[in-house]
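*Asks:* Build me a model:
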Amino acid sequence: MIDRDRHDQRDPLTGTVTAEAMRRFLEAALDLSDLQGPGVVLFAIGIDGLAAIAEQHGPAQADAVLLGVADRLRAGLRSHDLVGRLPEGFAVCLPEIFTAQAHRAAERLQRLLEARPVPTAAGPLALRCSLGLAFGRGPGSSAEELLSRARAALTRAQEAGGSQIVSEA
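*Replies:* Now for the predicted structure:
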């Protein structure tokens, strides 16, 4: 697994784990999952229009949005779930979860992220977020494959107009 307190495994802006630390966590979670029981879900989360926020309000406001999203994600998850930073947004790993529970968790997280504007120096900024979901189970699953499938689902969600949740299946 990872040491949640190691600074070299943390994104310096958001305090979430790095993409590499997330990969290691995913591999361990997949190895521990049972082919018959709950699996592992990975959410790839994108902030719709983040580039436009940076362009219109400046990079400091985009950073404030990223911090606000990271805080909301951490507050909305179970203690054994993990939030990581990706170039396109965030990844959230939920180990030991069934598919139906994962879909409900995705809907709940999206509502939490979009419910109220994020305070910034430029004023409160409303958010729209897209989520791509991928499921894995058992030691034969690959963290890289799971991440790739979650990112592909996120791309489909954003191409469908944003503020969407798309599952790989």
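
*Asks:* From here on, just use CA atoms for contacts and neighbour counts.
*Replies:* OK.

*Asks:* Now do the SS call for the residue sitting nearest the centre point of the chain.
*Replies:* Residue closest to the average C-alpha location in the chain (CA atoms, centre = their mean): A91, at 2.8 Å. For A91, the assignment made with DSSP: H, G, I helix; E, B strand; the rest coil gives strand.

*Asks:* what bridges to it?
*Replies:* A91 has these beta-bridge partners by DSSP bridges: A44, G84.

*Asks:* And the pLDDT at it?
*Replies:* A91 is assigned 97 on the pLDDT scale.

*Asks:* Please state the mean pLDDT value computed over the helix or strand where S148 lies.
*Replies:* Taking DSSP states H and E as the definition, S148 sits inside helix 143-159. Across helix 143-159, pLDDT averages out at 96.

*Asks:* same thing with stretch 20-38?
*Replies:* The pLDDT scores in stretch 20-38 average 89.

*Asks:* What segments of the chain are helices?
*Replies:* Taking DSSP state H to define them, one finds helices in the chain at 19-32, 50-57, 59-75, 99-114, 143-159.
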